[in-house]
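**Student:** generate coordinates for the sequence data below:
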Amino acid sequence: MTNLVHQLQHQPQSRDGLRVLSASRMKTFTSCHRKYWYNYVEQHPYIKNMGQIRGTSVHKSVEEKFRDIKSGNVQNVDPLLVYDDTFGKEMSNSPGTVFVRSEYDLGMKMVRLYDFQGRIPAQVEQEFILPFPDSENPICMIHGFMDQVYSWGLVDMKTTYAKPKLGVLGYDLQFILYNWAYTQLYGEKPQAVIWQHLRTGEDIIADVQGEEKLRYTIRAVQELLETLKITEWHKEAVGEIPIELFERNPGTACMMCSYRVPCLGRED
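**Tutor:** Numbers count the residues shown, from 1 in each chain. Now for the predicted structure:
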């Protein structure tokens, strides 16, 4: 992990006088303000669930294999070994996580069935730090990583069980920002932004283009920036940031949330 990435994980940093916000930070804020508070404000410790460990391990194995392919198979990387090694390290770093064999096996199956010759990305884990919404009138900097970048667009891999509803996916801030970042980096809009469901191998096209989607994202960024100003005032004037500033958004997503117990006070 680079020093820059480590710095950007929690409290926003500044760059060229502008706050730096990550695509994942924006998605967390819009999905649930309370989850944002636990993750980025309080930095509450949490136990990773098996789905998160599986996802990290699958991503790492695919990334390392593609890097090797692009270098001419110099290292002769075995993605299954990378998966197993990463999974073991993730479990060691999360001692409270209960190992579930079926979850490990599911991730291993995803890697085994992945078509590494079907399409080769031009870039993997493409990093970007860009003025948002543009360089002429920026309100912040947006930082993120795109899983796979191609000449025609981008792919973001997902290891979840469920697939998203198309209408909901169309307003996923992470994907809207990836679409925007691709356009800023390469000077043209991507032909496709793909939510790749590794469990089924299905490519789902995210309809995230258009001025209306960008205006929605700008409003969300402005709301987060204003919230951050308020939290800073409370910290300076009162000495603490009240959790009440960040309201809950209860729903089905709570069942997979790492902060379910401290937030709701119960497991079920």
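
**Student:** is Ala220 in contact with Met26, as I believe?
**Tutor:** Yes - assessed by CB atoms under 8 Å, Ala220 is found in contact with Met26 at 6.4 Å. Every residue, glycine included, has its C-beta placed from N, CA and C.

**Student:** what touches both of the two?
**Tutor:** By CB atoms under 8 Å, 6 or more residues apart in numbering, Ala220 and Met26 have these common neighbours: Leu173.

**Student:** those two: which is more packed in?
**Tutor:** Set Ala220 next to Met26 and count neighbours by other CB atoms under 10 Å: Met26 wins out with 24 against 18.

**Student:** quick one, what contacts the closest residue in space to that one that isn't next to it in sequence?
**Tutor:** Leaving out its chain neighbours, the residue that sits closest to Met26 by CB to CB, 6 or more residues apart in numbering is Leu173, at 4.8 Å. Residues counted as contacts of Leu173 (CB under 8 Å, 6+ apart) are Ala23, Met26, Lys27, Thr30, Thr217, Ala220.

**Student:** wait, Glu202 sits on Lys163?
**Tutor:** Yes - counting by CB under 8 Å, Lys163 is a contact partner of Glu202 at 7.1 Å.

**Student:** neighbour-wise, which of the two wins?
**Tutor:** Lys163 (14 against 11).

**Student:** run through the helices of the chain in chain order.
**Tutor:** Secondary structure of the chain, counting by DSSP state H: helices at 3-8, 23-31, 33-36, 50-70, 79-92, 101-113, 166-169, 173-186, 211-237, 260-264.

**Student:** please convert these to CSV, extending it with mean pLDDT and distance to Glu244.
**Tutor:** Shown next, in CSV, are those (pLDDT from 0 to 100; distance: least, CB to CB, whole Å):
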stretch, mean pLDDT, distance to Glu244
helix 3-8, 39, 27
helix 23-31, 91, 16
helix 33-36, 93, 10
helix 50-70, 96, 28
helix 79-92, 97, 34
helix 101-113, 97, 36
helix 166-169, 94, 28
helix 173-186, 97, 24
helix 211-237, 93, 10
helix 260-264, 87, 13
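
**Student:** okay if I get these as CSV plus distance to Leu154?
**Tutor:** As requested, these are exported to CSV (distance: least, CB to CB, whole Å):
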stretch, distance to Leu154
helix 3-8, 19
helix 23-31, 12
helix 33-36, 25
helix 50-70, 14
helix 79-92, 21
helix 101-113, 19
helix 166-169, 14
helix 173-186, 6
helix 211-237, 16
helix 260-264, 31
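
**Student:** of those, which approaches Asp147 most closely?
**Tutor:** Closest approach to Asp147 among the helices of the chain (CB to CB): helix 50-70, 7.1 Å.

**Student:** return the distance of the closest one from the chain's centre.
**Tutor:** 14 Å (CA atoms, centre = their mean, to the nearest Å).

**Student:** same check on stretch 58-74?
**Tutor:** 20 Å.

**Student:** other residues contacting that stretch?
**Tutor:** 75-77, 79-80, 82-83, 86, 107, 110-111, 114, 116, 120-121, 124-125, 147-148, 157, 159, 198.

**Student:** show me which of those residues are buried.
**Tutor:** 77, 79, 82-83, 86, 107, 110-111, 114, 121, 124, 147-148, 157, 159, 198 (16 or more other CB atoms under 10 Å).

**Student:** of those residues, which pair is most distant in space?
**Tutor:** Gly107 and Pro121 (20.3 Å).

**Student:** Pro138: what's it in contact with?
**Tutor:** So Pro138 contacts Leu18, Pro131, Phe132 (CB under 8 Å, 6+ apart).

**Student:** repeat that with 6 Å
**Tutor:** Pro138 makes contact with Leu18, Pro131 under the criterion CB atoms under 6 Å, 6 or more residues apart in numbering.

**Student:** local confidence estimate at it?
**Tutor:** pLDDT recorded at Pro138 is 96.

**Student:** and it, how far is that from Leu18?
**Tutor:** Pro138 is 6 Å from Leu18, where distance means CB to CB, to the nearest Å.

**Student:** and Arg260, by the same measure?
**Tutor:** 34 Å.

**Student:** kindly report the same for Lys89.
**Tutor:** 35 Å.

**Student:** out of the two, which sits in the busier spot?
**Tutor:** Leu18 (17 against 14).
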